[in-house]
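Chemist: Mind looking at a prediction? Sequence and model below.
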Amino acid sequence: MRGVVVGLWMVMASGAAAQTPAARIVEAEGALVIEYGPLRFPARASHQELPQPPTLVLTLPTDGWMRGYAVELVDAQGRVLPRVLLHHMNVIAPDKRDLFGQVMLRVGAAGAETGAVSLPRVLGFRGRKGDSLVVTLMFHNPTDSAYDGVTLRARVPFTRASSAIGALTVYPMSVAIGPKDKPNVFDLPPGRSEHHWEGSPAVAGRVLGLSGHLHRYGVLLRLEDRTAGKVLWEARPARDSSGEVQAMPVTRWLATMGKPIRPDHVYRLTAVYENPTGRTIPEGGMGVMGGILMLSRGARWPAVDRMHPDYQSDMRAIFGTSSHSGH
């Protein structure tokens, strides 16, 4: 692949001395490309049984706008492998805060069911040379086939700041349901259950698009404006006969310039599950919403407070420590 390697981190995978997985970010053909590998996945291996990657820190090579992402896994011959090998991938900007709280800004997320996310050429999330991107990954292999020499590749369409035509800046937004110490997961009781998050944005804006993520047995994600008493969005996943989520719909409001949200309103995200097993599944539930926000006229994105207890807790959850420089 053409391009300049900006960062390279070598990590030995426990129990696999022949492998030395590496993470890198390169700029090539109008995109930033994040790669991690090679990896080995034995057949029928859960995420607890596989050596998982450490938290990765990459550095942006240039100024510009990120306009989406597409994730795939390929073998040593470049053949595309089943997406089910990816449990999840998160890309985080530690130098910026979230819309709804003082935690690190989640830039993008992908699971096995996540399709390509693409913004129009005129929209993008602004990054500057030297900015950090934190990447967390989790893999598993629920298939009957073993795979070796696997590389994860995430392609991020990118418009350079030096381009003749730039882009309007938009911001990623995300919400995860769960207890404060584990905001991404919750126990899943038997039968039908509903799980909630509530909060208010720090600034006003218009939501241009939304999608989400549910675990097995998830049947619905719903976003409500509790102050106005309105349902803003609902998404029902495509599922197979075993209850596994195969795809989540993506809703866009670009033509109408989005759905307004306000700091003086309270919003609720609800994840609905139907667990047929007759038992509680520990940490079996997840309800995550992700989208794109355009700020209202005159609004500015809130500054990050690295000493805020929620930011420090987030750092510990991602890095295992509260004293990470971000580079």
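Modeler: Everything's here; your move. Since the structure is predicted, the reported quantities are computational estimates derived from the model, not experimental observations.

Chemist: Which of the helices or strands spans residue 273?
Modeler: strand 267-275 (DSSP states H and E).

Chemist: same question, residue 197
Modeler: strand 191-199.

Chemist: Following the chain onward from that strand, which element is next?
Modeler: Using DSSP H and E, the first helix or strand after strand 191-199 is strand 205-214.

Chemist: Can you list the strands that that following strand pairs with?
Modeler: Here strand 205-214 has these sheet partners by DSSP bridges: strand 251-252 (antiparallel), strand 259-261 (antiparallel), strand 287-295 (antiparallel).

Chemist: closest one to residue 61 among those strands?
Modeler: With Cβ to Cβ as the measure, strand 287-295 is the member of the strands paired with strand 205-214 nearest residue 61 (23.2 Å). Quick note: C-beta positions are derived from backbone N, CA and C, even for glycine.

Chemist: Give me the next element, helix or strand, following that closest one.
Modeler: helix 309-319.

Chemist: quick revisit: now, of the strands paired with strand 205-214, which is deepest in the fold?
Modeler: strand 287-295 (a mean of 24; mean count of other Cβ atoms under 10 Å).

Chemist: Taking their axis directions, that strand and strand 191-199 sit at what angle?
Modeler: 30 degrees (axes from the mean of the first three to the mean of the last three Cα atoms, to 10 degrees).

Chemist: between strand 287-295 and strand 267-275, what angle do the directions make?
Modeler: Using the same axes, to 10 degrees: strand 287-295 against strand 267-275 is 160 degrees.

Chemist: Looking at the host helix or strand of residue 94 now, give me its mean pLDDT.
Modeler: Secondary structure assignment for residue 94, by DSSP H and E: strand 86-97. The pLDDT scores in strand 86-97 average 94.

Chemist: Report the strands that pair with that strand, each with its relative direction.
Modeler: Strand 86-97 has these partner strands in its sheet, going by DSSP bridges: strand 104-110 (antiparallel), strand 132-139 (antiparallel).

Chemist: List of residues touching the strand holding residue 197?
Modeler: 100-101, 175-178, 186, 226, 266-275, 285, 287 (Cβ atoms under 8 Å, 6 or more residues apart in numbering).

Chemist: Parallel or antiparallel, which strands does it pair with?
Modeler: Going by DSSP bridges, the partners of strand 191-199 are strand 267-275 (antiparallel).

Chemist: Mind listing what's buried along the strand it pairs with?
Modeler: Within strand 267-275, the residues scored as buried using 16 or more other Cβ atoms under 10 Å are 267, 268, 269, 270, 271, 272, 273, 275.

Chemist: Quick one: residues contacting the last one.
Modeler: The neighbourhood of residue 275, defined by Cβ under 8 Å, 6+ apart, consists of 188, 189, 190, 191, 192, 193, 217, 281, 284.
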